[in-house]
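Asks: Prediction below, plus the sequence it came from.
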Amino acid sequence: MDADIDHAPRAMAKWNEYRGPHFTVRAGMGFLVDTAAYAQDTESKEQIKMLPDQRLRDFRFVLGGSFPSLPRKVTFNVGIMYDAPTHSWFIRQTGVMVAVPKLWGNIFIGRSKEGFSLNKVMVGYDGWTMERSTMSDATIPILADGFKWLGYTPKHGFLWNFGYFNDWLSQGQSFSTYHNQIVLRAVWLPIHSDEKRTVFHLGVNLRNGSPKQGQIQFRSRPEAFPAPYFVDTGKFASTNTKMAGYETYYRKGPLLLGSEYWWVNVSSPSTHNPTIHGGDFVATWCVTGEARAYNTVQGAFREVIPKRPVFSGGPGAVELVARFSDIDLNSGTLKGGKFWRFTPMVNWYLTDYLRLVGTYGIGHLDRFNLKGNTQFFQTRLQFEF
C-alpha cells in the first residue's frame, strides 16, 4: 500500500477499538441512503415505467481484528448487513486470513468476494461510482463461500488471487447462483512508486463456474439501486459458464484512468451457447489533490481520504468522475437487451467517514423491439467508521 496516502487513524472512532497482548478488535458500521429520479422519453416509458424513489441502500455492522501473540499473522473479519427490500439480516464478508510467507502471501477462508474484477474486489463504500457497472452486477456474484490464495511479489511486481468456492453453506442466499466456481486473477504492476504516487496496473481475470440446479440468469439494474431491472435474460438451462476479461488502471497522483471488460461463454445448447459481454471505462480526478491508496494485498484501490476535512476547517476532498459502461445480453436465442450509460458525477468527502454524492446519467436501452433513453438524477449519503 502507498505509504504517503495510506489511511490516517480515524480520530472519532478510538472508542470502538481494543488492542491487547493476545487479540485486537475494532468495530465499525456504515449506511448508504440513495435517492433517484428519472426523465424518460416515450419509448423508454413503454419499455419500463419508473417513479422517483428514496431507499436505504445498505446498513451493516463490521468487526475485525488480529491475534498478535500467534507465531504468524492471523486476522479475522465479520460482517452483518440489513437487507432493506427483504427486511432481513445477512452474514456478509466473514472469515479468517492467515499469512503464509512461503507462499508469498495469505490464505483466506470464509465468505468473501471471489476476486474477479478490481472494481468488484473493492468494498462498495470505497468505489468511485454509486454502483458497479451493469456487466459486473449481472455476471459476478457479490460474495461466495470458500478459500482464496492472495499473493504478491514486490520484487517482480506481480500479485494474484486464486480461489475455489461452493454453495454448501450459502443455500438460500440471493448471491448463491453457482454450485461451485474457480477464479484466477493475475496482475502485473510495471509501475508502482510511492514517491511519485504512480501506479500502473494490468490484470487478467479467468473464471469457471457450474450454475446451481443447471440454470442461470443474468440481469442488472441501470446502476441505480431504486430502479427496476433494465436487462434480464430470465432463467435458462446451463451447465457451465466460462468468463475471461482484462482490467487496466493508471493512477498518477490525483488522476485515475481505468477500464475493465469481459466475456461470458455459456454452455447452453437450448439457447445456442450464447456469449455475452460488457464492461466500463472510467476517469476520476481529485480536484483537491488527494490520491486513492493502492492495496497490494487485494490489488485494488481504496477510498479517498481528505487532507483537510470540513470539520477541521478545510474543504474536504472533491472527486470528479466520468464513466461509460455497457452490456449486451443478446446472443444465441437470448434477448436480455443491450444497455449503455454515461455517468458524470461528483464525490464530496467531507471527512474520512462522511461522503455526499451527486450523479447524473444518460442511458440507452435496446430491448422489447424499442430503443429508449433515460436520464438519471441520483444522490447518496454515505456514513462509515
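Replies: Noted; the coordinates are in hand. Numbers count the residues shown, from 1 in each chain.

Asks: mind checking pLDDT for the residue most central in space within the chain?
Replies: Central residue of the chain (C-alpha atoms, centre = their mean): residue 120, 3.0 Å from the mean position. If you check residue 120, the pLDDT there is 97.

Asks: Does it touch residue 113 like I think?
Replies: Yes. In terms of C-beta atoms under 8 Å, residue 120 counts as a neighbour of residue 113; the distance is 6.1 Å. Every C-beta, even on glycine, is put in place using the N, C-alpha and C of the backbone.

Asks: Common neighbours of these two, please.
Replies: Counting by C-beta atoms under 8 Å, 6 or more residues apart in numbering, the residues touching both residue 120 and residue 113 are residue 142.

Asks: Show me where the stretch 251-385 of the chain has its strands.
Replies: 255-267, 275-286, 294-295, 300-301, 317-331, 334-349, 354-367, 370-384 (DSSP state E, counting those that start in this stretch).

Asks: For residue 20, grab the count of nearby residues.
Replies: 11 (other C-beta atoms under 10 Å).

Asks: show me where pLDDT drops low in this structure?
Replies: Within the chain, the segments meeting pLDDT under 70 span 1-13.

Asks: now do 90
Replies: 1-16, 19-21, 83-88, 168-176, 194-195 (pLDDT under 90).

Asks: for it, what spans make up the helices?
Replies: Here the chain has its helices, by DSSP state H, at 42-47, 118-121, 134-139.

Asks: Could you list the residues in contact with the shortest one?
Replies: The set of residues that contact helix 118-121 without belonging to it, under C-beta under 8 Å, 6+ apart, is 113-115, 127, 132-133, 136, 140, 142, 161, 201, 203, 247, 249, 258, 260, 280, 298-301.

Asks: try it again with 7 Å
Replies: The contact list for helix 118-121 (C-beta atoms under 7 Å, 6 or more residues apart in numbering) reads 113, 115, 127, 132, 136, 140, 203, 247, 249, 260, 298-300.

Asks: do the first one as well
Replies: Applying C-beta under 7 Å, 6+ apart, the set of residues contacting helix 42-47 from outside is 365, 367, 368, 370, 371, 372, 373, 374.

Asks: and residue 21, what is it in contact with?
Replies: 68, 69.

Asks: How about residue 167?
Replies: 176, 178, 179, 212.

Asks: Can you give me the distance of the last one to residue 235?
Replies: It refers to residue 212. 11 Å (C-beta to C-beta, to the nearest Å).

Asks: for residue 65, same thing?
Replies: 41 Å.
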